[in-house]
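# Give me the fold of what follows.
(2 chains)
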2 protein chains.
Amino acid sequence: MTGRRSEAFMKIKNRRTIAEYKAGIVSGDRRILSQALTLAESTLSNDQQLAEELIDNLMPYTGNALRIGVSGVPGVGKSTFIDRFGEILVRMGKMVAVLTVDPSSEKSSGSILGDKTRMENLTNSKQAFIRPSPSSGLLGGVSPKTRECMLLCEAAGYNVILVETVGIGQSETAVKAMVDVFLLLALAGAGDELQGIKKGVMEIADLLVINKADGENKRAVSRAKGELTEALHYASKRENGWVPEVMSCSALLGEGLLEIWEKIETYEKHMRMAGLFEKNRSQQRIYWMKQQIHFLLERNFYANAEISKKIHAMETLVESGQKSSLAAAKEMVALYLNPNRQ
Amino acid sequence: MTGRRSEAFMKIKNRRTIAEYKAGIVSGDRRILSQALTLAESTLSNDQQLAEELIDNLMPYTGNALRIGVSGVPGVGKSTFIDRFGEILVRMGKMVAVLTVDPSSEKSSGSILGDKTRMENLTNSKQAFIRPSPSSGLLGGVSPKTRECMLLCEAAGYNVILVETVGIGQSETAVKAMVDVFLLLALAGAGDELQGIKKGVMEIADLLVINKADGENKRAVSRAKGELTEALHYASKRENGWVPEVMSCSALLGEGLLEIWEKIETYEKHMRMAGLFEKNRSQQRIYWMKQQIHFLLERNFYANAEISKKIHAMETLVESGQKSSLAAAKEMVALYLNPNRQ
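Residues are numbered from 1 along each chain as shown, chains lettered A, B, ... in the order given. Here you go, the predicted structure:
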């Protein structure tokens, strides 16, 4: 929990001007894009303000990509899927950016079960750009940073953004709030239920894809597909009139991927025709406005002179149990809001 | 996203005085405990303030339970495990409270793959108290509410608190920040990796339990246990000097559960002897102080007269794309912080 504080003492170096970042990004310079993403991910206040200004400057260049969320529990084959799926898009002439959101990686200091070489094919393509997104950390809250990275990639000309998210829960709702299409990968289970399908996540998925439809697993996939299609048939209809389709693929063999892209295009068309594509993005903008408000409030609070003077003493009282977390928080916020009354 | 707003118009009724809640909880009245939990979960500002005051009043009665987090992906058998494990604790004379944290359940309006009757055995015990915790919602951030509920249960005399959390990611880090022991349930996979094990989550687990060690699955469990034990052997040592143990059980058959409890007791003893038990709780209190600060800042912001007067117009500008999320957030926060300059 001290990581943040120590980083604040890091030297700021190699920062460009807004104009330099902007020119580089708009011209598609990958190196400058990388640097801008680093800026956006920085926890330094100066960097953050620079990144915010940059993104505001780049707004006219954003919004032209199709934003696709790809989710699924570990082991479902997300990396392979994105690698092979991205490859197809690249072959179609698209510019593909991949952002990965992994809220639980923060404590990973070394691999235990062995890291895989991820996304080999895509890594070597000049039309593809892969970037892991910063963890939002133990302090919780969905970071607006992944969305900022997405906007920067859009400004750099990437027209398909794949946002990869791991697991189940809050990272999914955050990703749902930044994409146009949400694709959930699953596996055919051995038991009575699909593996890696969580009801809450399934309900935000626009497209369900059962992966690993290859070899001996084919029959199980076909059965699971049938069951799930039936289950969705009985589910309550979505507000947007879209019935989420169940598809299958073998990312490993590259089978079924083109069909998935075509289905995504069908979905996009459906949403645009109904006026829901832009409506979704409007609602997302409101969501992110609120996230940004939270973020700015917090930043202002900790930068406050009175607070930084007294917060450590307060932490000591809380640590030793002389004051409850809640009482301490209330006192600090009261001091922040009404400094004269103290 | 309108749920919050509409709830604000709900009538407040059946609210007791602090003294009534306190007396009821301390005497172990389940009905009053339930009502206090409802109060703590409420999104109404008055309720929240009442709950905060109540919890501050109850602080001397809290802290005496062993707090155990139970995590694992869907299908791993968490409910059955908690049900049977809790049953054993009840038979030992313990008072068991179960809180479930499920961040992804917010959109669930009906079951698709069929709800299960969860925790049948425990539900019928007078020594057990089961309570689903409120989702922290799409707006993200870890709610301090589950922790408040935990404190209320402790004040009511429950001396083992099981906090159940689904999946991978942020809910885990939040639960880790409120428990003394973090137990991760996993399954033996068919492939080369354990199912439902995510590196980041594994690294915060104090105890790894491979469930469903029954019938034909026994051999796979035994193999997985060996592999995982070996993998952990090579992992970097924990700061607290504890090497997370790999155990197995069949929650269904009730096998291996007593051993898990004994291991938890060993862990507790290890942590207490090293002075780390209380140190962990101290750090957690700091963490929750920060969470409370965020929460109070947000509440104060939205309650501000200037903000509530202008936020809807600003939202309209953001919705229509005339203003970026970030620019709007900055303007609103500036108005909040310096009302006279506008």
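# Just the helices from chain A, written as ranges.
Using DSSP state H, the helices of chain A run over A:3-7, A:18-26, A:30-41, A:45-58, A:78-91, A:120-123, A:145-155, A:170-176, A:199-202, A:218-234, A:257-273, A:276-303, A:305-319, A:325-337.
# Make a markdown table from the ones you listed and add distance to A:Leu99 to it.
Quick note: C-beta positions are derived from backbone N, CA and C, even for glycine. Output for the helices of chain A, formatted as a markdown table (distance: least, Cβ to Cβ, whole Å):
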| stretch | distance to A:Leu99 |
| --- | --- |
| helix A:3-7 | 22 |
| helix A:18-26 | 15 |
| helix A:30-41 | 9 |
| helix A:45-58 | 15 |
| helix A:78-91 | 10 |
| helix A:120-123 | 13 |
| helix A:145-155 | 6 |
| helix A:170-176 | 9 |
| helix A:199-202 | 19 |
| helix A:218-234 | 28 |
| helix A:257-273 | 17 |
| helix A:276-303 | 15 |
| helix A:305-319 | 33 |
| helix A:325-337 | 33 |
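# Of the ones you listed, which shows the lowest average pLDDT?
Ranked on mean pLDDT, the bottom entry among those is helix A:3-7, at a mean of 42.
# okay, now the domains of chain A?
For chain A, automatic domain parsing gives the domain ranges A:1-61, A:63-105+A:113-274, A:304-341.
# Is any residue of the shortest one near chain B?
Yes: applying Cβ under 8 Å from any Cβ of the partner chain, one finds domain A:304-341 in contact with chain B at A:314-315, A:318-321, A:324-330, A:332-333, A:336-337.
# give the contact list for the closest residue to A:Trp261 other than its chain neighbours.
Using Cβ to Cβ, 6 or more residues apart in numbering or on different chains and skipping the chain neighbours, the partner closest in space to A:Trp261 is A:Ile88 (6.5 Å). A:Ile88 sits next to A:Gly254, A:Leu257, A:Leu258, A:Trp261 when contact means Cβ atoms under 8 Å, 6 or more residues apart in numbering or on different chains.
# which residues sit in contact with the residue lying closest to A:His294 once chain neighbours are set aside?
Nearest residue to A:His294, sequence neighbours excluded (Cβ to Cβ, 6+ apart): B:Glu298, at 5.9 Å. Contacts for B:Glu298 (Cβ under 8 Å, 6+ apart) come out as A:Ile293, A:His294, A:Leu297.
# Could you do A:Leu99 as well?
A:Leu99 makes contacts with A:Arg131, A:Pro132, A:Ser133, A:Thr146, A:Cys149, A:Met150, A:Cys153, A:Ile161, A:Leu162, A:Val163, A:Glu164, as judged by Cβ under 8 Å, 6+ apart.
# neighbours around A:Glu265, how many?
By other Cβ atoms under 10 Å in any protein chain shown, 12 other residues sit near A:Glu265.
# how much space between it and B:Met202?
Distance of A:Glu265 to B:Met202, given as Cβ to Cβ, to the nearest Å: 39 Å.
# gap between the residue lying closest to A:Asn240 once chain neighbours are set aside and chain B?
Spatial nearest neighbour of A:Asn240, excluding adjacent residues (Cβ to Cβ, 6+ apart): A:Leu276 at 5.1 Å. Using Cβ to the nearest Cβ, to the nearest Å, we find A:Leu276 at a distance of 14 Å from chain B.
# Is it correct that A:Leu276 is in contact with A:Tyr267?
No: using Cβ atoms under 8 Å, A:Leu276 is not in contact with A:Tyr267; the gap is 10.3 Å.
# between those two, which one's more packed in?
Shown here are A:Leu276 and A:Tyr267; by other Cβ under 10 Å, A:Tyr267 has more neighbours (23 against 17).
# who's in contact with that one?
Contacts of A:Tyr267 were listed using Cβ under 8 Å, 6+ apart, and they are A:Val181, A:Asp206, A:Leu207, A:Trp242.
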